[in-house]
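A.B. asks: coords below, sequence missing:
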């Protein structure tokens, strides 16, 4: 599998999003662990999670703990994996989402995430979503302090605008390594942030790169051009989508969610699918 640069690390061009393994409709733990192990077997070296990836109010960090157990049971080969987690976005347990960008809270949340992941320092910690009640620079300032204190090794942001990307990098003293925004054939409003990250050599991690759990299976019917390109290459439409995203800029690292081994095994093959410039242009215009 091809690799891409994320901060000072080389990671797989396709990552694994852990969210589907911990929220509503999640599989049993054995299947989730098998999915994570299948990803590692296929060469995945980036796994994305968050302390808010859980279903019930009393299980904050469910996905972080699940990933930690799966990595421990995999053995020595898991040492090369970069686990990226996030803080500042919360699920009270009723299906809703809230924000808390208070710097003191973020620092506390990061330390709790490190403990759940079983690491001395988190490889990549990301501010999950802006909190309207807290100045953005103050929230990102907590990440700068976490970097300085050695609690985290790299810092990123999520759900950010171009202005917030530039502000975050300024607050972090040029140490912003990644931006994680929603991006897919169905949701393209983050195209401007993707292009901005490409200009600044900041990794761009599309979340829900296949359009989300409920829409991934309908890619072919919703987006005929992607289905036609997939058929021309004799691959799944999911592979065609991910290959298109990879072709948009060398900083793009999609993180499709998966809850079955076959799903991530199929997604990973997109890293080796080469689309022609005409195909990329056609899909971008679709």
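C.D. replies: Arrived safely, thanks for sending. In this text, all values refer to a predicted model and were calculated from it rather than measured experimentally.
A.B. asks: Show me the strands in the stretch 1-150 of the chain, by range?
C.D. replies: With DSSP state E, counting those that start in this stretch as the criterion, the stretch 1-150 of the chain has strands at 3-6, 9-12, 16-17, 46-48, 82-87, 89-90, 98-99, 124-127.
A.B. asks: Tell me which of those lies nearest to residue 134.
C.D. replies: Comparison of the strands of the stretch 1-150 of the chain against residue 134 by C-beta to C-beta identifies strand 98-99 as nearest, at 8.3 Å. Bear in mind the C-beta positions are built from the backbone N, C-alpha and C, glycine included.
A.B. asks: Could you check how far residue 82 is from residue 157?
C.D. replies: Residue 82 is 17 Å from residue 157, where distance means C-beta to C-beta, to the nearest Å.
A.B. asks: Of those two, which one has the most company?
C.D. replies: Taking other C-beta atoms under 10 Å, residue 82 and residue 157 do not tie; residue 157 has more neighbours (30 against 20).
A.B. asks: Surely that one is in a helix?
C.D. replies: No: read with DSSP: H, G, I helix; E, B strand; the rest coil, residue 157 is strand and lies in no helix.
A.B. asks: Numbering from 35 from now on, please.
C.D. replies: Happy to do that; since the first residue is 35 now, the last one works out to residue 191.
A.B. asks: can you pull the pLDDT of it?
C.D. replies: pLDDT, residue 191: 98.
A.B. asks: Residues in a beta bridge with it, which ones?
C.D. replies: Beta bridges link residue 191 to residue 161, residue 213, judged by DSSP bridges.
A.B. asks: Out of the strands of the stretch 35-184 of the chain, flag the one nearest residue 228.
C.D. replies: Closest among these, once you apply C-beta to C-beta, is strand 37-40, at 13.7 Å.
A.B. asks: Flag every buried residue along that closest one.
C.D. replies: 38, 40 (16 or more other C-beta atoms under 10 Å).
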